[in-house]
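Student: Please work out how this folds:
(2 chains)
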Amino acid sequence: AQSVAQPEDQVNVAEGNPLTVKCTYSVSGNPYLFWYVQYPNRGLQFLLKYITGDNLVKGSYGFEAEFNKSQTSFHLKKPSALVSDSALYFCAVSRAKERDDKIIFGKGTRLHILP
Amino acid sequence: KAGVTQTPRYLIKTRGQQVTLSCSPISGHRSVSWYQQTPGQGLQFLFEYFSETQRNKGNFPGRFSGRQFSNSRSEMNVSTLELGDSALYLCASSFGQGYGNTIYFGEGSWLTVV
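Tutor: Sure, this is the predicted structure:
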């Protein structure tokens, strides 16, 4: 069965600094990987996903993520953090080439951008 | 294009009662998934429906059930509510099933059991 871990419950970053939100996964075969963001009292919004190809994936709001197969990681990054980036971030994984496979989410990392 | 719509947004129920939550997917999407979100457990997968058939089920008791209609709209039902069922219930839809299809979430239904 696949699983995903977000080792940090909370990450604090000063505005203007680069940010990284970590994600590691475990899956048999190749993964499909996703990042979602949740603002207070809202549903999850899709940020980006890795399916195949270039290991660096660019997404919404200036976010990007790097797929590292050897380290089974898919860390979310942004060069310069904004206060408005403060939210709850979820990493998710499903198995490639599996139609009947559900998407499994990590427990989430709360990102605080300090003004 | 309208997003995923969930109703009701907020509801309060008494222990022992039952509740039905509704989800209208994005137009053209045929797959609907349901998740339970709680502060302690994070996002837990409940079930997924595609073309009116349940394709996947999470590890929840039989009190949790769902269905999908021919127009892809979905409902989930929780019977004999317990205090621990208080959570945000999220519905998500996608065009297809699996294969890296992106799922898009609704705003959720906040259920409080008292």
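Student: Now do the same contact list for residue 70.
Tutor: Unless you meant another one, I'm taking chain A. Residues in contact with residue A:70 (CB atoms under 8 Å, 6 or more residues apart in numbering or on different chains): none are found. C-betas here are computed from N, CA, C, even on glycine.
Student: that answer is for a different chain, and I need it for chain B
Tutor: residue B:52.
Student: first vs last residue of stretch B:26-34, how far apart are they?
Tutor: Distance between the two ends of stretch B:26-34: 14 Å, counting by CA to CA, to the nearest Å.
Student: Show which residues not belonging to it make contact with it.
Tutor: Contacts of stretch B:26-34 (CB under 8 Å, 6+ apart): A:102-103, B:1-4, B:23, B:25, B:45-51, B:55-56, B:66, B:68, B:72-74, B:76, B:89-97, B:101, B:103-104.
Student: Now list the buried members of these.
Tutor: Buried residues within these, counting neighbours by 16 or more other CB atoms under 10 Å in any protein chain shown: A:102-103, B:3-4, B:23, B:25, B:45-50, B:55-56, B:66, B:68, B:72-74, B:76, B:89-94, B:97, B:101, B:103-104.
Student: These in strands, which ones?
Tutor: In strands, defined here by DSSP state E, the members of those are B:23, B:45-50, B:55-56, B:66, B:68, B:74, B:76, B:89-94, B:104.
Student: Does chain A have contacts with stretch B:86-100?
Tutor: Yes: Stretch B:86-100 reaches chain A (CB under 8 Å from any CB of the partner chain) through B:90, B:92, B:97-100.
Student: and the residue nearest to the spatial centre of chain B, what helix or strand is that in?
Tutor: In chain B, the centroid-proximal residue (CA atoms, centre = their mean) is residue B:34; its distance is 3.1 Å. Here residue B:34 sits within strand B:31-38, counting by DSSP states H and E.
Student: so what strands line up beside that strand?
Tutor: strand B:42-50 (antiparallel), strand B:87-94 (antiparallel) (DSSP bridges).
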